[in-house]
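Sequence plus the predicted model coming up.
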Amino acid sequence: MKDQNQTNEKNDDQIDAGELLNALMAMKKGNFSYRMPYDRTGVAGKVADTFNEIMDIQEGLVHEVQTVAKVVGKEGNLSKRFVQKNLGGSWETITDSLNGLVIDLIQPTSEMVRVINAVAKGDLSQKVELEIEGRPLTGEFQRTASNINMMVNQLSTFASEVTRVAREVGTEGILGGQADVKGVSGTWKDLTDSVNYMATNLTDQVRNIAAVTTAVANGDLSKQITVNARGEILELKNTINTMVEQLSMFSSEVTRVAREVGTEGKLGGQADVKDVSGTWRDLTESVNYMASNLTNQVRNIAVVTTAVANGDLSKKITADVQGEILELKNTINTMVDQLSTFASEVTRMAREVGTEGILGGQADVKGVSGTWRDLTESVNYMASNLTNQVRNIAEVTTAVAKGDLSKTITVDAKGEILQLKSTINIMVDQLSNFASEVTRVAREVSTEGILGGQADVKGVSGTWKDLTDSVNFMAGTLTDQVRNIAEVTTAVAKGDLSKQITVNAKGEILELKNTINTMVEQLSTFASEVTRVAREVGTEGMLGGQAQVKGVAGTWRDLTESVNYMASNLTNQVRNIAVVTTAVANGDLSKKITADVQGEILELKNTINTMVDQLSMFSSEVTRVAREVGTEENWADRLRLKGSAEPGKT
């Protein structure tokens with residue numbers, strides 16, 4: 001029994017060499033799942049258990065390596081580390097070495113990723129540290145970090161220069177700038193050259209556009225935009241050139257109509273400006289409407305004044321007018337009424353005295369003053385004197401009362417009757433001479449338009465001399481008044497608003513003088529205000545101005561309101577465009593032009609809004625490409641190529 005037990009113990013201490021060889025071969029081949037039998041006892045059992053524990057450790061190490069590789073390498077969790085039980089010895093050294101390797105790999109990579117992420121966010125102030133915890137980077141890490149830092153430097157220089165050029169051109173309005181990025185090549189040099197080419201083209205285009213628009217603002221419509229352009233700039237070039245052509249045509253036509261009406265006296269002209277719309281069409285229609293109204297009014301006034309000059313007092317001014325023209329219409333119509341009443345009364349008196357033999361009549365002309373009242377009083381005074389004379393010498397005075405001055409007293413007479421006869425005959429001769437001279441002066445002034453004439457009645461005295469002097473005074477006064485009025489109205493027609501009617505006047509002539517002087521003052525104020533607004537908006541660039549013309553009505557008020565409406569619309573449109581273009585220059589592509597516009601301004605609005613959309617799309621695409629190239633593809637390629645580069649090459 002004792003021998004049997006000793007035999008069993010000896011067998012338990014013996015190790016099966018074949019079984020151990022198989023286990024070692026599995027370990028050699030990396031099959032860490034192989035295990036020796038667990039039912040061995042004694043030394044053989046300890047060997048088997050020790051071998052199996054080594055395999056457990058190896059299998060755990062493999063699992064840890066797979067886990068760390070997956071978590072760190074694939075999932076991007078850089079905080080994962082190898083974890084092993086406290087086995088001590090080389091096992092712990094292996095674990096620490098693996099963790100050290102991971103840290104050494106992660107730290108430079110994290111530093112590079114930090115800088116690349118900053119670049120992707122537009123922060124070019126970050127650099128890759130070339131020392132990690134006091135240890136300088138070497139090998140591939142050092143070369144890659146230096147390349148990244150060099151790339152950041154070039155990007156920073158490129159961004160700085162592009163920003164400077166954009167600020168100078170877009171914000172400060174300084175054209176002609178060029179980006180100066182030294183030491184770059186490849187894509188960066190191409191980008192720099194592209195930016196400089198764009199800046200040069202933009203400078204040439206803007207300066208050419210500025211030259212043309214400045215010329216337009218200064219009233220020079222002879223220039224055109226000639227710089228080469230494409231796309232939206234070509235559309236803007238064509239738009240501005242078309243605008244200049246239309247403005248030139250509009251100016252030419254308005255000048256022609258103004259010259260024909262104001263200088264040459266040709267009424268009925270109309271401005272013919274083809275293919276215009278919006279404000280230009282409205283202005284053309286306003287000018288034509290004004291010219292048409294003025295033609296109708298002046299022709300109506302001419303018909304009435306011509307009729308008055310021809311002795312026809314049956315006509316009145318019927319044109320539909322407003323403002324000062326309405327006052328002139330009422331003045332002339334009142335004058336015609338008073339002339340008609342005066343003529344009617346004088347005719348009645350002449351008929352009663354000269355035809356019906358009814359003496360003692362008086363002309364009743366109400367509401368007259370000045371010359372007309374003087375004439376009425378003179379006629380009544382003459383009628384009173386004539387009545388006394390005619391009643392004493394009926395036969396001759398009856399003939400005279402009938403306007404027959406061809407007869408003389410032929411009866412023989414003596415004494416006082418002879419004296420009366422001589423007196424009457426002399427009177428008849430003088431009346432005939434007086435009538436002839438007055439008729440001549442009246443014909444020259446009223447029909448032939450010859451001013452300055454004087455009645456020359458020789459040898460008269462008393463009432464006839466007074467009447468002759470009155471007629472001559474009236475003719476001289478009328479001459480001075482008409483010539484002064486003609487001088488002022490001619491000056492106004494030629495655009496000279498510095499003159500005023502200064503001749504002394506009374507009654508309706510005084511009202512006409514005041515009316516014309518007021519009209520000239522209002523025209524001068526209107527022209528001054530419109531010129532000021534045009535200068536402020538067109539030359540000095542001061543928007544928001546309004547013409548202040550007080551006390552005007554009718555056409556002048558409408559023109560003032562039209563000018564102010566145009567200036568207000570232009571101010572709103574330009575300020576809206578300025579807000580959007582300033583935002584674009586500052587890199588803000590979220591704004592659009594919203595002003596309500598028409599015609600060429602609408603095309604410009606659509607052009608700029610389209611440009612903002614395209615710039616926004618361009619910025620988004622460049623950012624996306626930069627992110628994809630700088631963050632994903634470039635570094636993925638570098639990681640895949642790691643370890644395969646030739647010595648000394650990156």
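Looks like it arrived, so ask away. Residues are numbered from 1 along each chain as shown.

any chance you could map the strands in the stretch 401-550 of the chain?
Using DSSP state E, counting those that start in this stretch, no strands are found in the stretch 401-550 of the chain.

And for the chain?
When secondary structure is read from DSSP state E, the chain shows strands at 131-132, 135-136.

The first one - what's its average pLDDT?
The reference is to strand 131-132. Summarised as a single mean, pLDDT over strand 131-132 is 76.

So which elements touch that strand?
Packed against strand 131-132, as judged by 3 or more Cβ pairs under 8 Å, 6 or more residues apart in numbering; DSSP states H and E, are the following elements: helix 89-120. Heads up, the C-betas are built off the backbone N, CA and C, glycines and all.

mind exporting stretch 242-252 as PDB, just the C-alpha atoms?
What follows is stretch 242-252, C-alpha atoms only, in PDB (Å, rounded to 0.1, in the frame of the first residue of the first chain):
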ATOM      1  CA  THR A 242     -28.100 103.700 -70.500                       C
ATOM      2  CA  MET A 243     -29.000 106.100 -67.700                       C
ATOM      3  CA  VAL A 244     -26.500 108.700 -68.900                       C
ATOM      4  CA  GLU A 245     -27.900 108.400 -72.500                       C
ATOM      5  CA  GLN A 246     -31.400 108.900 -71.200                       C
ATOM      6  CA  LEU A 247     -30.400 111.800 -69.000                       C
ATOM      7  CA  SER A 248     -28.600 113.400 -72.000                       C
ATOM      8  CA  MET A 249     -31.700 112.900 -74.200                       C
ATOM      9  CA  PHE A 250     -33.900 114.200 -71.400                       C
ATOM     10  CA  SER A 251     -31.600 117.300 -70.800                       C
ATOM     11  CA  SER A 252     -31.400 118.000 -74.500                       C
END
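
Please list the residues outside that stretch that contact it.
Contacts of stretch 242-252 from elsewhere in the structure, counted by Cβ atoms under 8 Å, 6 or more residues apart in numbering, are 212, 216, 221-224, 271, 273-276, 280, 283-284, 600.

for stretch 317-332, same thing?
Stretch 317-332 has contacts (Cβ under 8 Å, 6+ apart) with 293, 296-297, 300-301, 304-305, 333, 508, 511-512, 515, 518-519, 522, 552-557.

do stretch 157-168 as well
With Cβ under 8 Å, 6+ apart as the contact definition, stretch 157-168 has outside contacts at 124, 174-175, 177-182, 184, 188, 191-192, 195-196, 199, 585.

Restrict those to the buried ones and give me that as a ChimeraX selection.
The ChimeraX selection below is limited to those of those classed as buried (16 or more other Cβ atoms under 10 Å):
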select :124,175,177,179,181,184,188,191,192,195,196,199
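
coming back round to it: buried ones among the contacts of stretch 242-252?
Neighbour-count burial (16+ other Cβ under 10 Å) applied to those gives 212, 216, 221, 271, 273, 276, 280, 283, 284, 600.

among those residues, which two are most distant?
With distance counted by Cβ to Cβ, no two of the buried ones among the contacts of stretch 242-252 lie farther apart than 212 and 271, which are 23.6 Å apart.

Let's have the buried ones among the contacts of stretch 242-252 in JSON lines, adding distance to residue 246.
Converted to JSON lines, the buried ones among the contacts of stretch 242-252 look like this (distance: Cβ to Cβ, whole Å):
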{"residue": "212", "distance to residue 246": "14"}
{"residue": "216", "distance to residue 246": "11"}
{"residue": "221", "distance to residue 246": "10"}
{"residue": "271", "distance to residue 246": "12"}
{"residue": "273", "distance to residue 246": "7"}
{"residue": "276", "distance to residue 246": "5"}
{"residue": "280", "distance to residue 246": "6"}
{"residue": "283", "distance to residue 246": "11"}
{"residue": "284", "distance to residue 246": "10"}
{"residue": "600", "distance to residue 246": "8"}
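
any chance of those residues in TSV, with distance to residue 61 and pLDDT too?
Supplementary listing: the buried ones among the contacts of stretch 242-252 in TSV, determined by distance: Cβ to Cβ, whole Å; pLDDT from 0 to 100:
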residue	distance to residue 61	pLDDT
212	81	88
216	85	84
221	90	85
271	99	79
273	94	78
276	89	70
280	88	70
283	92	73
284	94	78
600	80	84
